[in-house]
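Student: need the 3D shape of this:
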Amino acid sequence: MAARPECGEVVVEGEAVDGREEEEDNRWARLLPELVAEVVRRVEVAGGERWPARKDVVSCASVCRRWRDAAAAVVRPLPESGKITFPASLKQPGPKDFPIQCFIKRNKKNSTFYLYLGLTNNLTGTADKGKFLMAARRFRRGPHTEYIISLDADDLSQGSNAYMGKLRSDFWGTNFRIYDSQPPYDGAKASSTRSIRRFGSRRISPQVSSGNFDVGQVSYKYNLLKSRGPRRMFCTIECPSIQETWENSLKVKSLRRMGTTILKNKAPRWHEHLQCWCLNFHGRVTVASVKNFQLVATVDPSHPDSIVDEETVLLQFGKVDSDMFTMDYRQPLSAFQAFAICLSSFGTKLACE
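Tutor: Numbers count the residues shown, from 1 in each chain. All right, here's what the predicted structure looks like:
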């Protein structure tokens, strides 16, 4: 004889289920949306200095539909959310309508550079510890200089599971190549014969074949006449594809080639009263330096009839202290590409200054 369900229990397919479990689930689901968003935000921030564990975000999303929606709002692609949540965000294009504000700390003793996401408007780095994103170290390899870029500040080698790519210069330090550890689009061929590896769990995209893929070039024009003014830069970048929505990022499994973007440094104006070249950095740069620059889009010589926005600054870099620099970037550049371009500005370029 089947037992009758007691008060507070429900029968599902002939089995008694404790109604208190359902009540507990409803209690979590009835939390205010603002409180749910705050819980997920704290998981995402993770103390401001670490990447959130995927299992923590998944656990939040598994509670109920409302929690799942709150978690989905956090992990949406960077162009849509404007948030750098997981390491994959570092190779996604930035938002279109506003820049991502970062800063770079330089350690001259070991030629290492650290990129942080700014969490406040403080420019000195004393109050804003920032969220660590990646690091790079300069190595001299024969006539060339290389900057190895990694997710791990303590493991800066191409054999590391945290290897993201590198920046390589010519002998004069005026022409640079940017290499990505991931293919920028389906069918891209690696530029080196380095053995193919698989990314570890901490890499940008697990189970994606890695190598060294040429994704950009940075050139500094010679200044043989020693005319006054800042360095002149030109960049050719293979920009990452843009997933406009979170739903599309789940559906699209292939990477389309988006074409190249041509950038040049924005021409400064000569200030007669100050007797110096000036650019409007909107308070984000406080120290005059030949390294300071702003990059804007320019017309591709192969498509002279194309129309581009030559006023919007896509990347700006400038000095705020002896070893502190700000880096602000936006679409179509990724944080990785912006960091690599800024690294090219370090070092003396006698023929360009």
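Student: pretty sure Phe339 sits in a helix.
Tutor: Yes: applying DSSP: H, G, I helix; E, B strand; the rest coil, one finds Phe339 inside a helix.
Student: give me the nearest residue to it, chain neighbours excluded.
Tutor: Once flanking residues are discounted, Phe339 sits nearest to Leu115: 5.2 Å by C-beta to C-beta, 6 or more residues apart in numbering. All C-beta atoms are positioned from the backbone trio N, CA, C, and that covers glycine.
Student: ok, now which ones touch the one you found?
Tutor: 102-104, 132-136, 327, 335, 339 (C-beta atoms under 8 Å, 6 or more residues apart in numbering).
Student: from those residues, which single one is nearest Asp214?
Tutor: Using C-beta to C-beta, Phe339 comes nearest to Asp214 of the contacts of Leu115, at 16.8 Å.
Student: pretty sure the closest one contacts Ala136?
Tutor: Yes: with contact defined as C-beta atoms under 8 Å, Phe339 counts as touching Ala136 (7.0 Å).
Student: what is in contact with those two at once?
Tutor: Contacts common to Phe339 and Ala136, judged by C-beta under 8 Å, 6+ apart, are 115, 149.
Student: can I get the helix or strand where the residue nearest to Phe339 lies as CSV, trimmed to CA atoms?
Tutor: Using DSSP states H and E, the element containing Leu115 is strand 112-117. C-alpha atoms of strand 112-117 as CSV (Å, rounded to 0.1, in the frame of the first residue of the first chain):
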residue,chain,number,x,y,z
THR,A,112,59.3,43.6,-17.2
PHE,A,113,56.0,45.4,-17.9
TYR,A,114,52.7,44.7,-16.1
LEU,A,115,49.3,45.5,-17.5
TYR,A,116,46.4,46.2,-15.1
LEU,A,117,42.8,47.0,-15.6
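Student: remind me which helix or strand Thr85 belongs to.
Tutor: Here Thr85 is covered by no helix or strand, with elements defined by DSSP H and E.
Student: and it, how many residues sit next to it?
Tutor: Neighbour count of Thr85, defined by other C-beta atoms under 10 Å: 19.
Student: so where is the protein shaky, pLDDT-wise?
Tutor: In the predicted model of the chain, residues 1-58, 73-76, 123-128, 192-210, 223-230, 241-258, 301-307, 348-353 satisfy pLDDT under 70.
Student: tell me where the longest strand sits in it.
Tutor: Looking across the chain with DSSP state E, the single longest strand is strand 131-141.
Student: give the other helices and strands that that one contacts.
Tutor: Packing partners of strand 131-141 (3 or more C-beta pairs under 8 Å, 6 or more residues apart in numbering; DSSP states H and E): strand 112-117, strand 144-150, helix 335-343.
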